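Participant: Predicted model and sequence follow; I will ask about them next.
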Amino acid sequence: MRPAVTPLAAANKQAFARRHELMSSTGLPDYGGGSIVNLMQSIATACGSSRTDYPPLALLPAAQLARARHVVLIVVDGLGQRTLARHADSLHLQRHQLGSMTSVFPSTTASAITTFMTGLAPAQHGLTGWHMHLDEIDQTLAILPLTPRDGPPRALPEQLPERLFEHPSLFQTLDRESWVIAPQSIAGSPFNAWHARGAQSIAYRTLPELFASIAELTREKVKSRYIYAYYPDLDTNSHRYGTDSRQAQHTLAEFDAHFGQLRRQLCGSNSWLLVTADHGFIDSPRRRVIDLDDHPQLAAMLVRPLCGERRVAYCYVAEARRPAFETYVRRHLGRACHLYRSEQLIAAGWFGPPPYHRRLASRAGDYTLVMKDNWTIKDWLAGEKRYTMIGVHGGTSDSEMRVPLIAMRA
(Lines give C-alpha, C1' and ligand atoms only; values in the text may rest on other atoms or scores of the structure.)
Protein backbone atom coordinates (compact mmCIF):
# COMPACT_ATOMS: atom_id res chain seq x y z
CA MET A 1 0.00 0.00 0.00
CA ARG A 2 1.47 3.34 -0.95
CA PRO A 3 1.88 5.99 1.80
CA ALA A 4 -1.10 8.32 2.09
CA VAL A 5 1.07 11.39 2.73
CA THR A 6 4.59 12.55 2.03
CA PRO A 7 6.06 15.59 3.85
CA LEU A 8 5.53 18.94 2.17
CA ALA A 9 8.54 20.86 0.98
CA ALA A 10 9.31 23.96 3.03
CA ALA A 11 8.50 26.25 0.11
CA ASN A 12 5.11 24.60 -0.38
CA LYS A 13 4.33 25.03 3.31
CA GLN A 14 5.13 28.73 3.16
CA ALA A 15 3.04 29.19 0.02
CA PHE A 16 0.05 27.44 1.54
CA ALA A 17 0.48 29.35 4.80
CA ARG A 18 0.16 32.62 2.84
CA ARG A 19 -2.79 31.31 0.79
CA HIS A 20 -4.69 30.02 3.79
CA GLU A 21 -4.08 33.14 5.83
CA LEU A 22 -6.32 34.76 3.21
CA MET A 23 -8.71 31.78 3.15
CA SER A 24 -9.27 31.92 6.91
CA SER A 25 -10.45 35.51 6.65
CA THR A 26 -13.16 34.50 4.21
CA GLY A 27 -14.67 31.61 6.19
CA LEU A 28 -12.49 28.86 4.70
CA PRO A 29 -10.04 26.57 6.50
CA ASP A 30 -6.74 28.04 7.64
CA TYR A 31 -4.47 25.06 7.05
CA GLY A 32 -1.44 27.31 7.41
CA GLY A 33 -1.53 27.26 11.22
CA GLY A 34 -5.07 27.99 12.38
CA SER A 35 -7.16 24.84 11.83
CA ILE A 36 -7.88 21.61 13.65
CA VAL A 37 -5.36 19.81 11.42
CA ASN A 38 -2.69 22.14 12.81
CA LEU A 39 -3.83 21.34 16.35
CA MET A 40 -3.32 17.67 15.54
CA GLN A 41 0.16 18.43 14.20
CA SER A 42 1.02 20.12 17.51
CA ILE A 43 -0.32 17.13 19.44
CA ALA A 44 1.45 14.63 17.20
CA THR A 45 4.81 16.37 17.56
CA ALA A 46 4.40 16.72 21.33
CA CYS A 47 3.60 13.01 21.58
CA GLY A 48 6.68 11.86 19.69
CA SER A 49 5.51 11.58 16.08
CA SER A 50 8.11 12.30 13.42
CA ARG A 51 5.48 13.41 10.88
CA THR A 52 5.71 17.05 9.83
CA ASP A 53 2.97 17.25 7.24
CA TYR A 54 1.52 20.61 8.35
CA PRO A 55 2.55 23.68 10.34
CA PRO A 56 1.79 23.43 14.07
CA LEU A 57 -1.10 25.35 15.58
CA ALA A 58 -0.07 28.95 16.20
CA LEU A 59 -2.27 29.10 19.33
CA LEU A 60 -0.63 26.09 20.97
CA PRO A 61 2.85 25.03 19.82
CA ALA A 62 4.01 21.46 20.35
CA ALA A 63 6.72 22.55 22.81
CA GLN A 64 4.08 23.69 25.29
CA LEU A 65 2.17 20.42 25.09
CA ALA A 66 5.32 18.31 25.30
CA ARG A 67 6.12 19.58 28.79
CA ALA A 68 3.07 17.75 30.23
CA ARG A 69 2.92 14.08 31.17
CA HIS A 70 -0.53 13.51 29.65
CA VAL A 71 -2.37 15.18 26.76
CA VAL A 72 -6.17 14.85 26.80
CA LEU A 73 -8.28 15.94 23.83
CA ILE A 74 -12.09 15.95 24.08
CA VAL A 75 -14.01 16.58 20.85
CA VAL A 76 -17.57 17.83 21.43
CA ASP A 77 -19.39 17.22 18.17
CA GLY A 78 -21.05 20.46 17.03
CA LEU A 79 -19.58 22.86 19.61
CA GLY A 80 -18.98 25.81 17.33
CA GLN A 81 -17.48 29.08 18.53
CA ARG A 82 -20.84 30.81 18.05
CA THR A 83 -22.64 28.18 20.14
CA LEU A 84 -20.15 28.46 23.00
CA ALA A 85 -20.26 32.27 23.02
CA ARG A 86 -24.08 32.45 22.96
CA HIS A 87 -24.85 30.18 25.89
CA ALA A 88 -24.18 31.44 29.40
CA ASP A 89 -24.29 27.94 30.92
CA SER A 90 -20.80 27.13 29.64
CA LEU A 91 -18.77 29.36 31.94
CA HIS A 92 -16.15 26.72 32.80
CA LEU A 93 -15.38 26.20 29.12
CA GLN A 94 -15.47 29.92 28.33
CA ARG A 95 -13.14 30.71 31.22
CA HIS A 96 -10.43 28.48 29.77
CA GLN A 97 -10.86 29.32 26.09
CA LEU A 98 -7.50 29.97 24.48
CA GLY A 99 -8.93 31.10 21.15
CA SER A 100 -10.62 29.65 18.08
CA MET A 101 -9.66 27.66 14.99
CA THR A 102 -11.23 26.71 11.71
CA SER A 103 -12.51 23.26 10.93
CA VAL A 104 -11.70 21.57 7.62
CA PHE A 105 -13.67 21.63 4.38
CA PRO A 106 -16.36 20.52 4.41
CA SER A 107 -17.09 21.47 8.03
CA THR A 108 -18.72 18.18 8.89
CA THR A 109 -18.20 15.19 11.15
CA ALA A 110 -17.14 12.66 8.51
CA SER A 111 -14.28 14.87 7.32
CA ALA A 112 -13.27 16.49 10.61
CA ILE A 113 -13.42 13.46 12.92
CA THR A 114 -11.22 11.63 10.44
CA THR A 115 -8.79 14.55 10.74
CA PHE A 116 -8.77 14.20 14.54
CA MET A 117 -8.12 10.46 14.32
CA THR A 118 -5.49 10.58 11.55
CA GLY A 119 -3.89 14.01 11.83
CA LEU A 120 -4.54 14.49 8.11
CA ALA A 121 -6.54 17.05 6.14
CA PRO A 122 -9.32 15.84 3.80
CA ALA A 123 -6.94 16.37 0.87
CA GLN A 124 -4.91 13.46 2.24
CA HIS A 125 -7.42 11.20 4.01
CA GLY A 126 -9.92 11.61 1.17
CA LEU A 127 -13.17 11.68 3.17
CA THR A 128 -15.32 14.42 1.66
CA GLY A 129 -18.62 14.21 3.53
CA TRP A 130 -21.40 12.04 4.93
CA HIS A 131 -22.41 10.53 1.58
CA MET A 132 -19.53 9.52 -0.68
CA HIS A 133 -19.39 7.69 -3.96
CA LEU A 134 -16.57 5.16 -3.79
CA ASP A 135 -15.14 4.04 -7.13
CA GLU A 136 -13.52 1.09 -5.37
CA ILE A 137 -16.91 -0.57 -4.93
CA ASP A 138 -18.92 1.60 -7.38
CA GLN A 139 -21.44 2.51 -4.70
CA THR A 140 -22.50 5.52 -2.62
CA LEU A 141 -22.09 5.01 1.12
CA ALA A 142 -22.84 6.84 4.31
CA ILE A 143 -19.17 6.74 5.19
CA LEU A 144 -19.25 6.59 8.99
CA PRO A 145 -21.60 3.58 9.33
CA LEU A 146 -20.33 2.26 5.95
CA THR A 147 -23.87 1.57 4.78
CA PRO A 148 -25.05 1.97 1.15
CA ARG A 149 -27.43 4.66 -0.02
CA ASP A 150 -28.11 3.17 -3.42
CA GLY A 151 -28.95 -0.52 -3.57
CA PRO A 152 -28.01 -3.56 -1.49
CA PRO A 153 -24.58 -3.69 0.18
CA ARG A 154 -21.78 -5.08 -1.96
CA ALA A 155 -19.64 -5.89 1.06
CA LEU A 156 -20.10 -6.12 4.82
CA PRO A 157 -19.09 -2.96 6.73
CA GLU A 158 -16.26 -4.81 8.47
CA GLN A 159 -14.81 -5.74 5.07
CA LEU A 160 -14.67 -2.17 3.78
CA PRO A 161 -12.06 -0.20 5.78
CA GLU A 162 -9.03 -1.93 4.29
CA ARG A 163 -10.49 -1.43 0.80
CA LEU A 164 -11.44 2.23 1.24
CA PHE A 165 -8.93 3.75 3.70
CA GLU A 166 -5.24 4.02 2.87
CA HIS A 167 -4.19 6.21 5.78
CA PRO A 168 -2.67 5.17 9.10
CA SER A 169 -4.31 6.32 12.30
CA LEU A 170 -2.66 9.11 14.28
CA PHE A 171 -2.19 6.75 17.24
CA GLN A 172 0.02 4.44 15.19
CA THR A 173 2.51 7.29 14.70
CA LEU A 174 2.84 8.36 18.35
CA ASP A 175 5.63 7.45 20.73
CA ARG A 176 3.40 7.06 23.76
CA GLU A 177 0.51 4.97 25.04
CA SER A 178 -2.77 6.11 23.47
CA TRP A 179 -6.43 5.69 24.40
CA VAL A 180 -9.68 6.30 22.53
CA ILE A 181 -12.86 6.88 24.55
CA ALA A 182 -16.01 6.62 22.43
CA PRO A 183 -19.76 6.05 22.90
CA GLN A 184 -20.73 2.42 23.20
CA SER A 185 -22.90 2.77 20.09
CA ILE A 186 -19.90 3.42 17.83
CA ALA A 187 -16.82 2.28 19.77
CA GLY A 188 -16.69 -1.09 18.05
CA SER A 189 -17.89 0.00 14.63
CA PRO A 190 -15.66 -0.88 11.66
CA PHE A 191 -14.94 2.80 10.96
CA ASN A 192 -14.02 3.62 14.55
CA ALA A 193 -12.01 0.44 15.09
CA TRP A 194 -9.97 1.10 11.94
CA HIS A 195 -9.20 4.70 12.89
CA ALA A 196 -8.39 3.77 16.50
CA ARG A 197 -5.61 1.36 15.49
CA GLY A 198 -2.60 1.80 17.72
CA ALA A 199 -4.71 2.85 20.71
CA GLN A 200 -6.55 1.05 23.47
CA SER A 201 -10.30 1.70 23.55
CA ILE A 202 -12.92 2.39 26.20
CA ALA A 203 -16.65 2.40 25.42
CA TYR A 204 -18.88 4.56 27.61
CA ARG A 205 -22.66 4.77 28.01
CA THR A 206 -23.16 8.05 29.89
CA LEU A 207 -21.45 11.42 30.18
CA PRO A 208 -20.30 10.73 33.79
CA GLU A 209 -18.66 7.51 32.52
CA LEU A 210 -16.78 9.49 29.89
CA PHE A 211 -15.30 11.88 32.43
CA ALA A 212 -14.62 9.13 34.97
CA SER A 213 -12.59 7.26 32.35
CA ILE A 214 -10.46 10.33 31.66
CA ALA A 215 -9.88 10.92 35.38
CA GLU A 216 -8.84 7.31 35.96
CA LEU A 217 -6.44 7.23 32.99
CA THR A 218 -4.67 10.39 34.16
CA ARG A 219 -4.39 9.16 37.79
CA GLU A 220 -2.65 5.89 36.98
CA LYS A 221 1.11 5.81 37.50
CA VAL A 222 2.33 5.57 33.93
CA LYS A 223 4.95 7.56 32.09
CA SER A 224 2.74 9.41 29.60
CA ARG A 225 -0.52 9.04 27.70
CA TYR A 226 -2.44 10.62 24.87
CA ILE A 227 -6.19 10.35 25.48
CA TYR A 228 -8.76 11.15 22.80
CA ALA A 229 -12.45 11.28 23.72
CA TYR A 230 -15.51 11.95 21.57
CA TYR A 231 -18.92 13.23 22.72
CA PRO A 232 -21.80 13.32 20.15
CA ASP A 233 -24.92 14.46 22.04
CA LEU A 234 -24.72 18.21 21.34
CA ASP A 235 -24.62 17.48 17.61
CA THR A 236 -27.59 15.12 17.87
CA ASN A 237 -29.77 17.62 19.70
CA SER A 238 -28.71 20.57 17.53
CA HIS A 239 -29.72 18.67 14.38
CA ARG A 240 -33.05 17.61 15.81
CA TYR A 241 -34.16 20.63 17.80
CA GLY A 242 -31.97 23.54 16.65
CA THR A 243 -28.81 25.19 17.89
CA ASP A 244 -30.54 27.45 20.44
CA SER A 245 -33.05 24.85 21.60
CA ARG A 246 -33.61 24.00 25.24
CA GLN A 247 -32.31 20.49 24.54
CA ALA A 248 -29.03 21.72 23.02
CA GLN A 249 -28.48 24.25 25.81
CA HIS A 250 -29.09 21.60 28.47
CA THR A 251 -26.60 19.24 26.81
CA LEU A 252 -23.91 21.92 26.73
CA ALA A 253 -24.58 22.96 30.33
CA GLU A 254 -24.27 19.36 31.51
CA PHE A 255 -20.98 18.91 29.67
CA ASP A 256 -19.66 22.19 31.08
CA ALA A 257 -20.46 21.12 34.65
CA HIS A 258 -18.57 17.84 34.22
CA PHE A 259 -15.66 19.70 32.62
CA GLY A 260 -15.47 21.91 35.72
CA GLN A 261 -15.34 18.84 37.96
CA LEU A 262 -12.67 17.17 35.81
CA ARG A 263 -10.55 20.31 35.93
CA ARG A 264 -10.39 19.99 39.72
CA GLN A 265 -9.75 16.23 39.56
CA LEU A 266 -6.78 16.69 37.25
CA CYS A 267 -4.92 19.04 39.59
CA GLY A 268 -1.43 17.68 40.13
CA SER A 269 -1.61 15.23 37.22
CA ASN A 270 0.66 17.32 34.97
CA SER A 271 -1.83 17.13 32.08
CA TRP A 272 -2.99 19.33 29.25
CA LEU A 273 -6.78 19.20 28.98
CA LEU A 274 -8.01 20.34 25.55
CA VAL A 275 -11.61 20.67 24.33
CA THR A 276 -12.64 21.55 20.80
CA ALA A 277 -15.12 20.53 18.10
CA ASP A 278 -15.34 19.18 14.59
CA HIS A 279 -17.66 21.95 13.33
CA GLY A 280 -20.26 24.49 14.34
CA PHE A 281 -23.92 24.89 13.32
CA ILE A 282 -26.53 27.08 11.75
CA ASP A 283 -30.30 26.61 11.68
CA SER A 284 -32.12 26.19 8.36
CA PRO A 285 -35.91 26.55 8.22
CA ARG A 286 -38.00 24.41 5.88
CA ARG A 287 -38.58 27.28 3.49
CA ARG A 288 -34.82 27.36 2.84
CA VAL A 289 -34.58 23.71 1.76
CA ILE A 290 -34.19 23.01 -1.96
CA ASP A 291 -35.82 19.65 -2.62
CA LEU A 292 -34.69 18.06 -5.87
CA ASP A 293 -38.22 16.69 -6.29
CA ASP A 294 -39.13 20.28 -7.20
CA HIS A 295 -36.40 20.36 -9.87
CA PRO A 296 -36.88 17.21 -11.96
CA GLN A 297 -35.04 18.75 -14.91
CA LEU A 298 -31.96 19.22 -12.75
CA ALA A 299 -32.27 15.78 -11.18
CA ALA A 300 -32.38 14.21 -14.63
CA MET A 301 -28.95 15.65 -15.43
CA LEU A 302 -27.29 13.83 -12.51
CA VAL A 303 -25.74 10.44 -13.15
CA ARG A 304 -25.98 9.52 -9.46
CA PRO A 305 -27.59 10.90 -6.28
CA LEU A 306 -26.21 13.97 -4.57
CA CYS A 307 -23.22 13.27 -2.35
CA GLY A 308 -21.64 15.23 0.48
CA GLU A 309 -23.88 17.25 2.77
CA ARG A 310 -27.01 19.38 2.76
CA ARG A 311 -24.75 22.45 2.89
CA VAL A 312 -22.09 21.21 0.45
CA ALA A 313 -23.39 18.92 -2.28
CA TYR A 314 -21.26 17.11 -4.87
CA CYS A 315 -22.90 16.67 -8.27
CA TYR A 316 -21.91 14.05 -10.84
CA VAL A 317 -22.92 15.21 -14.32
CA ALA A 318 -22.31 13.61 -17.71
CA GLU A 319 -19.94 15.76 -19.77
CA ALA A 320 -22.49 16.41 -22.53
CA ARG A 321 -24.96 17.83 -20.01
CA ARG A 322 -22.60 20.08 -18.11
CA PRO A 323 -23.37 23.32 -20.03
CA ALA A 324 -27.10 22.79 -19.43
CA PHE A 325 -26.44 21.92 -15.77
CA GLU A 326 -24.46 25.11 -15.19
CA THR A 327 -27.14 27.20 -16.88
CA TYR A 328 -29.94 25.66 -14.84
CA VAL A 329 -28.16 26.08 -11.51
CA ARG A 330 -27.26 29.70 -12.14
CA ARG A 331 -30.74 30.57 -13.41
CA HIS A 332 -32.88 28.71 -10.87
CA LEU A 333 -30.67 28.19 -7.81
CA GLY A 334 -28.32 31.15 -7.97
CA ARG A 335 -30.00 32.83 -5.01
CA ALA A 336 -29.30 29.78 -2.86
CA CYS A 337 -25.87 28.43 -3.82
CA HIS A 338 -22.48 29.06 -5.32
CA LEU A 339 -21.57 26.76 -8.21
CA TYR A 340 -17.97 25.54 -8.49
CA ARG A 341 -16.12 22.99 -10.52
CA SER A 342 -14.86 20.61 -7.85
CA GLU A 343 -11.41 20.54 -9.40
CA GLN A 344 -11.20 24.29 -8.78
CA LEU A 345 -11.81 23.83 -5.05
CA ILE A 346 -9.17 21.12 -4.87
CA ALA A 347 -6.62 23.30 -6.66
CA ALA A 348 -7.49 26.29 -4.44
CA GLY A 349 -6.71 24.25 -1.32
CA TRP A 350 -10.18 24.05 0.21
CA PHE A 351 -9.64 20.39 1.16
CA GLY A 352 -6.04 21.01 2.21
CA PRO A 353 -2.59 21.31 0.65
CA PRO A 354 -1.06 18.71 -1.68
CA PRO A 355 -0.17 15.92 -2.05
CA TYR A 356 -3.74 14.82 -2.73
CA HIS A 357 -5.39 11.50 -2.05
CA ARG A 358 -5.44 9.60 -5.33
CA ARG A 359 -9.25 9.41 -5.28
CA LEU A 360 -9.97 12.90 -3.96
CA ALA A 361 -11.24 14.21 -7.31
CA SER A 362 -13.61 11.30 -7.85
CA ARG A 363 -14.99 11.68 -4.32
CA ALA A 364 -15.75 15.38 -4.84
CA GLY A 365 -17.79 14.93 -8.02
CA ASP A 366 -17.77 17.16 -11.08
CA TYR A 367 -19.40 20.16 -9.40
CA THR A 368 -19.79 21.38 -5.83
CA LEU A 369 -22.82 23.39 -4.68
CA VAL A 370 -21.80 25.50 -1.68
CA MET A 371 -25.00 26.79 -0.13
CA LYS A 372 -25.42 30.46 0.71
CA ASP A 373 -26.84 31.99 3.91
CA ASN A 374 -28.97 29.29 5.58
CA TRP A 375 -30.01 27.37 2.45
CA THR A 376 -29.71 23.60 2.15
CA ILE A 377 -30.27 21.11 -0.67
CA LYS A 378 -31.54 17.52 -0.46
CA ASP A 379 -32.64 14.68 -2.69
CA TRP A 380 -34.55 11.59 -1.64
CA LEU A 381 -34.27 8.12 -3.09
CA ALA A 382 -37.16 5.69 -3.36
CA GLY A 383 -37.69 3.98 -0.02
CA GLU A 384 -35.66 6.47 2.01
CA LYS A 385 -37.30 7.61 5.23
CA ARG A 386 -37.79 11.36 5.05
CA TYR A 387 -36.92 13.53 8.00
CA THR A 388 -36.38 17.18 8.81
CA MET A 389 -33.14 18.62 10.15
CA ILE A 390 -33.22 22.03 11.83
CA GLY A 391 -29.54 22.40 12.68
CA VAL A 392 -27.13 21.87 9.78
CA HIS A 393 -23.43 22.22 9.03
CA GLY A 394 -20.83 21.55 6.37
CA GLY A 395 -20.70 25.01 4.80
CA THR A 396 -18.25 27.89 4.92
CA SER A 397 -20.02 30.35 7.22
CA ASP A 398 -18.13 31.34 10.36
CA SER A 399 -20.85 29.72 12.47
CA GLU A 400 -20.16 26.35 10.82
CA MET A 401 -16.44 26.69 10.25
CA ARG A 402 -15.07 28.25 13.43
CA VAL A 403 -14.61 26.15 16.58
CA PRO A 404 -13.24 27.05 20.01
CA LEU A 405 -10.05 25.76 21.60
CA ILE A 406 -10.36 25.33 25.34
CA ALA A 407 -6.95 24.60 26.87
CA MET A 408 -6.00 24.11 30.50
CA ARG A 409 -2.68 22.96 31.99
CA ALA A 410 -3.31 20.99 35.18
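Facilitator: In hand now; what should we look at?
Participant: going forward, measure contacts and count neighbours with C-alpha atoms only.
Facilitator: Will do.
Participant: dump the residue contacts of the residue nearest to C267 when sequence neighbours are not counted.
Facilitator: Nearest non-adjacent residue to C267, counting by C-alpha to C-alpha, 6 or more residues apart in numbering: A410, 5.1 Å away. Contact analysis of A410 by C-alpha atoms under 8 Å, 6 or more residues apart in numbering lists 263, 266-273.
Participant: between those residues, which is closest to L127?
Facilitator: Ranking the contacts of A410 by separation from L127, with C-alpha to C-alpha as the measure, puts L273 on top at 27.6 Å.
Participant: tally of neighbours for that closest one?
Facilitator: When neighbours are counted by other C-alpha atoms under 10 Å, L273 registers 22.
Participant: which stretches of the stretch 51-200 of the chain form strands?
Facilitator: Using DSSP state E, counting those that start in this stretch, the strands of the stretch 51-200 of the chain run over residues 70-76, 97-102, 131-134, 139-142, 147-148, 177-183, 200-204.
Participant: my guess is I406 contacts L91, does it?
Facilitator: No. Applying C-alpha atoms under 8 Å, one finds I406 not in contact with L91, separated by 11.4 Å.
Participant: and stretch 126-140, which residues are buried?
Facilitator: For stretch 126-140, burial by neighbour count (16 or more other C-alpha atoms under 10 Å) applies to 126-133, 139-140.
Participant: Also stretch 48-64?
Facilitator: Those would be 49, 51, 53-57, 59-62, for stretch 48-64 by 16+ other C-alpha under 10 Å.
Participant: if we can go back for a sec, could you dump the buried residues of stretch 126-140 to TSV with pLDDT?
Facilitator: Output for the buried residues of stretch 126-140, formatted as TSV (pLDDT from 0 to 100):
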residue	pLDDT
G126	98
L127	98
T128	98
G129	98
W130	98
H131	98
M132	98
H133	97
Q139	96
T140	97
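Participant: Looking at those residues, which is nearest F325?
Facilitator: Minimum distance to F325 across the buried residues of stretch 126-140 is 19.8 Å, recorded for H133 (C-alpha to C-alpha).
Participant: contacting residues around the most centrally placed residue in the chain?
Facilitator: Central residue of the chain (C-alpha atoms, centre = their mean): A112, 1.6 Å from the mean position. Shown in contact with A112 (C-alpha under 8 Å, 6+ apart): 103-104, 122, 278-279.
Participant: mind checking pLDDT for it?
Facilitator: A112 is assigned 98 on the pLDDT scale.
Participant: just to revisit the earlier point, what about the contacts of A410, which are in strands?
Facilitator: Among the contacts of A410, DSSP state E puts 271-273 in strands.
Participant: will you turn those into TSV that also has pLDDT?
Facilitator: As requested, these are arranged in TSV below (pLDDT from 0 to 100):
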residue	pLDDT
S271	96
W272	97
L273	98
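Participant: Nearest to R246 among those?
Facilitator: Ranked by distance to R246 (C-alpha to C-alpha), the ones in strands among the contacts of A410 are led by L273 at 27.5 Å.
Participant: My read is that that closest one contacts A68, right?
Facilitator: No. If you go by C-alpha under 8 Å, L273 and A68 don't touch, sitting 10.0 Å apart.
Participant: which residues are in contact with both of the two?
Facilitator: Joint contacts of L273 and A68 (C-alpha under 8 Å, 6+ apart) are R409.
Participant: quick one, helices of the stretch 101-250 of the chain?
Facilitator: Secondary structure of the stretch 101-250 of the chain (DSSP state H, counting those that start in this stretch): helices located at 109-118, 122-125, 161-164, 184-187, 190-195, 207-219, 233-241, 246-265.
Participant: got the angle between the first one and helix 233-241?
Facilitator: Put plainly, it is helix 109-118. 180 degrees (axes from the mean of the first three to the mean of the last three C-alpha atoms, to 10 degrees).
Participant: before we move on, what about the longest one?
Facilitator: What separates the directions of helix 246-265 and helix 233-241 is an angle of 170 degrees, with the same axes, to 10 degrees.
Participant: centre of the chain versus helix 246-265, how much separation?
Facilitator: Its chain's C-alpha centre and that of helix 246-265 lie 22 Å apart, by C-alpha atoms, centre = their mean, to the nearest Å.
Participant: Please list the residues outside that helix that contact it.
Facilitator: The contact list for helix 246-265, computed with C-alpha under 8 Å, 6+ apart, reads 87, 89-93, 207-208, 211, 215, 233-234, 237-238, 241-243, 273, 410.
Participant: right, and A277 touches R82 too?
Facilitator: No. With contacts counted by C-alpha under 8 Å, A277 stays clear of R82, the gap being 11.8 Å.
Participant: Give me the common contacts of these two.
Facilitator: Common contacts of A277 and R82 (C-alpha under 8 Å, 6+ apart): V403.
Participant: Mind checking which of the two has more residues around it?
Facilitator: Neighbours were counted for A277 and for R82 using other C-alpha under 10 Å; A277 has more, 29 against 19.
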